[in-house]
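Participant: Provided below are the primary sequence and the corresponding predicted coordinates.
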Amino acid sequence: MKLFYVIIFLTSLLSSLTSLQASKMPNVVIVMADDQTWFDAGCYGSNIVQTPNIDRLASEGMRFDRAFTATAMCAPTRQQLYTGIFPVRNGAFPNHSKVKPGTRSLVHYYQKAGYAVGLCGKKHFGPAESFPFQSVKKNELSEFVKQSEPFFLVYASNSPHLPWSEGDVSAYDPEEIDVPPYLHDNIETREAMRRYYAEITDFDRELGEIDALIKEAGKTEETIFIYTSEQGAQFPFGKWTCYEVGLHVGFVMRWPQTIRPGTTSNAMVQYVDVLPTLLELCDLPIPAGLDGKSFAGVTRGHTDVHNQFVFGVHTTRGIILGSESYPVRSIRNERYKLIRNLNHSVAFSNVLIKGDGSTYWKSWVRDAESDNEVATLIKRYINRPAFEFYDLLKDPYELNNLAGQPEFRKPIRKLDSELTKWMKQQGDLGHETEMTVKPHRTMQ
């Protein structure tokens, strides 16, 4: 009889300890844009784009100034973020792709720990078994964040992805827009940027609404809240490339219990690092076999150093109207960037060039007939050399290829060696790997 009561007592004690542990587990919220260039936000230096909620979040947390995705395309970006594994190794390196069967994601790790793991918005991943999110509709968000169990919520917006039809376009005057030097400045480009900026502001509204729900639930203090921009916008040299405009992402992280408000970090972090970081911050085990490594020490202010190198992968065989094969690989350190165009003898192609629904690309082609600078810009986008090398400190927009200059042989060799080593570790054979991909049905 005494044994019976002892068992009852121990069971009750274990249940109480489990409940206490669960109550201490932080919630996690990731709010992700869709095709937003990292510097198109006020907190990242834009004097034009109106993002009051992103800016406020940065003032309350840590802004990462060197955060990166390894692939500037939606499906590979999201799946590396959710799995902590780089695109070629997890299988999702073309766009519209899926990870290898049996691949596990953050959903498995957090569900095992007792979390409700929900997704509201865009999916763009597969198979379903690798990403068994609870589907959360927008009208269910309030109840989801009010629940007693710890939760992990991914809010994946569709903005500011084309067709740039959301938001108040009248808030932006095309004449006041500063067109960056890697784009051709004409009326059509400014009009496209105006509509793109309006949709960023509408995304910012969505982020503010999610944050307000967390506040209304009284859970701001116990919630790790992340904003990230996904990848570069659908302009030349952004999405579908390994240039900085494509791979560099906006990333802001707030957690009042740990992160000091209004801080910034120059640590080089990658999307594959996010999962192990969150697991460590939530005091959960980090599984073996991930490519990423935790930067929890950065968030705690213990260090401002993380990765020595960050990497990029692009393949055209999985994109709409893409070239038959145009594999690109890249590596950068804190100052220099090396890009390999592994099948550079053919022309680069994508939907922007062959199927752009807007008028700005066609206007570039039109203007190139009488403007050599525009013609050179178009040629630079479509016809690339085998190697590109940039000094990002002096040339952040990668306008001046230094690959042929002898004074840079040493850093080029170093980066080239590290890129080869990484590709081998990933099982990436470059062009041969790209040719294993089933061509997109509308590829030309």
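Facilitator: On my side now, so go ahead. Model, not experiment: these values are computed from the prediction.
Participant: what about the helices in the stretch 51-200 of the chain?
Facilitator: Per DSSP state H, counting those that start in this stretch, the stretch 51-200 of the chain carries helices over the ranges 52-60, 74-83, 87-90, 106-112, 141-146, 187-216.
Participant: of those helices, which stretch is the most buried?
Facilitator: helix 74-83 (a mean of 27; mean count of other C-beta atoms under 10 Å). (Each C-beta comes from the backbone N, C-alpha and C, glycine too.)
Participant: per-residue confidence averaged over that one?
Facilitator: Mean per-residue pLDDT for helix 74-83: 97.
Participant: I'd say V29 and L153 touch.
Facilitator: Yes - if you go by C-beta atoms under 8 Å, V29 and L153 touch, sitting 4.9 Å apart.
Participant: touching both of these two, which residues are there?
Facilitator: Residues touching both V29 and L153 by C-beta atoms under 8 Å, 6 or more residues apart in numbering: 145, 210.
Participant: looking at the two, which one has more neighbours?
Facilitator: Neighbour totals were compared for V29 and L153, and L153 leads with 26 against 22 (other C-beta atoms under 10 Å).
Participant: now G232, nearest residue through space, not along the chain?
Facilitator: In this structure, G232 finds its nearest non-sequential neighbour in G238, 3.1 Å apart by C-beta to C-beta, 6 or more residues apart in numbering.
Participant: would you check that that neighbour makes contact with A72?
Facilitator: Yes - counting by C-beta under 8 Å, G238 does reach A72; the two are 6.9 Å apart.
Participant: so between the two, which is more surrounded?
Facilitator: Using other C-beta under 10 Å, the more surrounded residue of G238 and A72 is A72, with 30 against 25.
Participant: ok, that one touching L247?
Facilitator: Yes - with contact defined as C-beta under 8 Å, A72 reaches L247; the gap is 5.5 Å.
Participant: anything in contact with each of these two?
Facilitator: Contact criterion C-beta under 8 Å, 6+ apart; residues shared by A72 and L247: 231-232, 241, 312.
Participant: for these, could you give me CSV that also reports distance to V305 and neighbour count?
Facilitator: CSV is the format used below for those (distance: C-beta to C-beta, whole Å; neighbours: other C-beta atoms under 10 Å):
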residue, distance to V305, neighbour count
Q231, 24, 31
G232, 25, 27
T241, 27, 25
G312, 21, 27
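Participant: farthest pair within these?
Facilitator: G232 and G312 (11.5 Å; C-beta to C-beta).
Participant: anything in contact with each of the two?
Facilitator: 72, 246-247.
Participant: export these as TSV, with columns for distance to S142.
Facilitator: TSV is the format used below for the shared contacts of G232 and G312 (distance: C-beta to C-beta, whole Å):
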residue	distance to S142
A72	34
G246	35
L247	35
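Participant: helix or strand with the lowest mean pLDDT in this protein?
Facilitator: helix 2-24 (a mean of 45; mean pLDDT, DSSP states H and E).
Participant: can you pull out the helices in the stretch 301-444 of the chain?
Facilitator: Along the stretch 301-444 of the chain, counting by DSSP H, counting those that start in this stretch, helices occupy 351-355, 360-368, 372-382, 409-426, 431-434.
Participant: any idea how far W38 lies from F144?
Facilitator: Per C-beta to C-beta, to the nearest Å, W38 is found 28 Å from F144.
Participant: quick one: contacts for the residue nearest the centre of the chain?
Facilitator: The centroid of the chain falls nearest to E230 when counting by C-alpha atoms, centre = their mean (3.0 Å). Contacts for E230 (C-beta under 8 Å, 6+ apart) come out as 32-36, 69, 74, 77-78, 249.
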